[in-house]
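Visitor: next input, structure requested:
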Amino acid sequence: MRKINGVPVEAHTDLSNLTGGEVLKWSGTNMAWEDQDDSAYVPLAAATGEQGHFTTGGHGHANITNLITINTAANATTGATLSTDAYNNGACSNQTRGVIVGGRNSSTYYNRMEYITFSSIGGGTDFGDLTTARGYTRGTSNQSNDRGVIAGGFSGSTTNIIEYITISTTGNATDFGDMTSSYYFPGMTSNGVNDRALLTNGQVSSYNIIDYITISTTGNATDFGDLTTTRKCDAQVSNDINNRAVFAGDRSTANMEYVNIASTGNASSFGNLIVAFDGGGSVSNGTNDRGVFSAGEDIPGYTNEIEYITISTTGNSTDFGDMTSSYQGWSSCSGAA
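Guide: Just a heads-up that it's a prediction; the model follows:
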């Protein structure tokens with residue numbers, strides 16, 4: 001006898017006589033499989049849109065996101081309007097919802113979180129509060145268990161805090177554990193294949209560390225390996241195809257590097273960005289193998305450059321388009337329209 005959540009389910013063991021497969025349905029007293037002919041088969045519609053949202057990382061228009069379609073190179077357009085005029089915030093998402101966390105405006109730091117819905121781009125809605133008010137955070141998520149993790153930050157001093165939320169619900173963040181060091185704007189990424197998130201050193205130019213956490217559990221970060229060079233405020237993208245994470249960003253180098261998320265070890269060279277920058281944002285769609293970077297601060301100032309790569313290969317980035325403005329410190333999230 002097969003069961004789902006403790007409920008007995010009648011299931012075929014021989015499907016050779018079926019032309020359209022089966023559908024699991026409630027029969028009134030239990031769950032049962034219903035035979036389907038070919039005419040009853042309706043394929044799942046593929047998610048479209050592949051939205052990427054970048055929150056403004058500098059003074060002015062800090063409550064407006066920049067919107068792109070990840071699989072289509074073009075200039076960004078105005079996206080969602082957030083309820084708080086804050087910059088240098090973090091973000092995480094599932095396929096339907098993006099959660100924007102923390103941030104600052106002048107000397108004021110926020111603990112607020114709000115969410116946007118990808119299918120109806122509008123205003124931000126209150127989600128809950130971080131455990132501490134701070135800006136310069138970063139976030140990532142695990143699609144399989146709907147958990148978002150937020151790490152690092154600054155509110156007069158740096159922090160090693162990691163906390164988590166359940167993205168599809170609303171509520172306050174909960175303590176997860178600690179990073180191996182205190183810094184702000186850590187690079188963060190994860191993919192949909194394994195339950196692991198990577199963190200890099202953020203606003204500490206003398207470090208080349210990579211840490212990791214297991215998203216569905218709680219606990220402190222663990223050493224993963226080292227970057228090939230010291231860099232700060234980098235951005236990261238990843239895919240589901242070959243478990244790859246790519247790190248980019250630092251004004252002192254245009255070089256990108258990569259690791260295999262499922263293993264541990266040091267990074268290898270990937271290729272070069274068009275513009276060397278730090279404090280940029282990044283989005284990717286795990287299934288279409290494209291990673292997009294929004295540039296932040298270069299020398300001598302800010303840039304509005306957007307570039308993209310094919311994650312499962314190696315090579316230099318390609319021009320994608322332009323942001324609506326030039327700023328540093330973009331946070332980012334993505335999902336299906």
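Visitor: so who does the residue nearest the centre of the chain touch?
Guide: Nearest to the geometric centre of the chain sits residue 140, at 4.2 Å (C-alpha atoms, centre = their mean). Going by C-beta atoms under 8 Å, 6 or more residues apart in numbering, residue 140 touches 92, 148, 149, 188, 189, 190, 197, 215. No exception for glycine: its C-beta is placed from N, CA and C like everyone else's.
Visitor: count the neighbours of the fifth one for me.
Guide: In this case it means residue 189. For residue 189, the count of nearby residues is 24 (other C-beta atoms under 10 Å).
Visitor: so what pairs up with the closest residue to it other than its chain neighbours in the strands?
Guide: Excluding the flanking residues, the one nearest residue 189 by C-beta to C-beta, 6 or more residues apart in numbering is residue 236, at 3.7 Å. Residue 236 has these beta-bridge partners by DSSP bridges: residue 247.
Visitor: quick one: residue 236 and residue 247 touch, right?
Guide: Yes: when contacts are counted by C-beta atoms under 8 Å, residue 236 is listed as touching residue 247 (5.4 Å).
Visitor: between the two, which contacts overlap?
Guide: Joint contacts of residue 236 and residue 247 (C-beta under 8 Å, 6+ apart) are 187, 200.
Visitor: circling back to that earlier point, got the confidence number for the residue nearest to residue 189?
Guide: For residue 236, the pLDDT comes out at 91.
Visitor: is residue 220 located within a helix, as I assumed?
Guide: No: using DSSP: H, G, I helix; E, B strand; the rest coil, the assignment for residue 220 is coil, not a helix.
Visitor: OK, contacts around residue 246?
Guide: Per C-beta under 8 Å, 6+ apart, neighbours of residue 246: 236, 237, 238, 256, 257, 258, 270, 291, 309, 311.
Visitor: how close does the third one sit to residue 262?
Guide: Read that as residue 238. The spacing between residue 238 and residue 262, counted by C-beta to C-beta, to the nearest Å, is 11 Å.
Visitor: out of those two, which sits in the busier spot?
Guide: residue 238 (27 against 12).
Visitor: hmm, that one is touching residue 191, no?
Guide: Yes: contact criterion C-beta under 8 Å: residue 238 and residue 191 qualify, at 4.4 Å.
Visitor: am I right that residue 92 is in a helix?
Guide: No: according to three-state DSSP, the state of residue 92 is strand, so it is not within a helix.
Visitor: does it really touch residue 151, like I thought?
Guide: No: the pair residue 92 / residue 151 is not scored as a contact, 10.2 Å apart, by C-beta under 8 Å.
Visitor: who touches both of the two?
Guide: residue 139.
Visitor: give me the neighbour count for residue 222.
Guide: Counted with other C-beta under 10 Å, residues neighbouring residue 222 total 12.
Visitor: repeat for residue 270
Guide: Counted with other C-beta under 10 Å, residue 270 comes out at 23.
Visitor: also the one 3 residues further on?
Guide: Number of residues near residue 273 (other C-beta under 10 Å) recorded here: 24.
Visitor: what's the pLDDT at the nearest residue to it once chain neighbours are set aside?
Guide: Once flanking residues are discounted, residue 273 sits nearest to residue 254: 4.4 Å by C-beta to C-beta, 6+ apart. Looking at residue 254, its pLDDT reads 89.
Visitor: so what's residue 254 up against?
Guide: Here residue 254 is in contact with 272, 273, 274, 275, 276 (criterion: C-beta under 8 Å, 6+ apart).
Visitor: report the buried residues of stretch 73-84.
Guide: 73, 76, 79, 80, 82, 84 (16 or more other C-beta atoms under 10 Å).
Visitor: dump the residue contacts of the closest residue in space to the first one that isn't next to it in sequence.
Guide: This means residue 73. The shortest distance from residue 73 to any residue other than its chain neighbours is 4.6 Å, reached at residue 320 (C-beta to C-beta, 6+ apart). Residue 320 is in contact with 68, 73, 74, 292, 306, 307, 308, counting by C-beta under 8 Å, 6+ apart.
Visitor: and the strands in the stretch 101-250 of the chain?
Guide: 104-105, 108-109, 112-117, 125-129, 138-142, 147-151, 161-166, 174-178, 188-190, 196-200, 209-214, 222-226, 235-238, 244-248 (DSSP state E, counting those that start in this stretch).
Visitor: for residue 56, which of these is the nearest?
Guide: Nearest to residue 56, of all the strands of the stretch 101-250 of the chain, is strand 104-105, at 11.2 Å by C-beta to C-beta.
Visitor: off-centre distance for the closest one?
Guide: Counting by C-alpha atoms, centre = their mean, to the nearest Å, strand 104-105 is centred 22 Å from the centre of its parent chain.
Visitor: what residues does it touch?
Guide: Under C-beta under 8 Å, 6+ apart, the answer for strand 104-105 is 62, 84, 85, 86, 87, 88, 89, 110, 134, 135, 136, 155.
Visitor: list just the nearest of the residues you listed to residue 99.
Guide: Once C-beta to C-beta is applied, the member of those that ends up nearest residue 99 is residue 89, at 10.2 Å.
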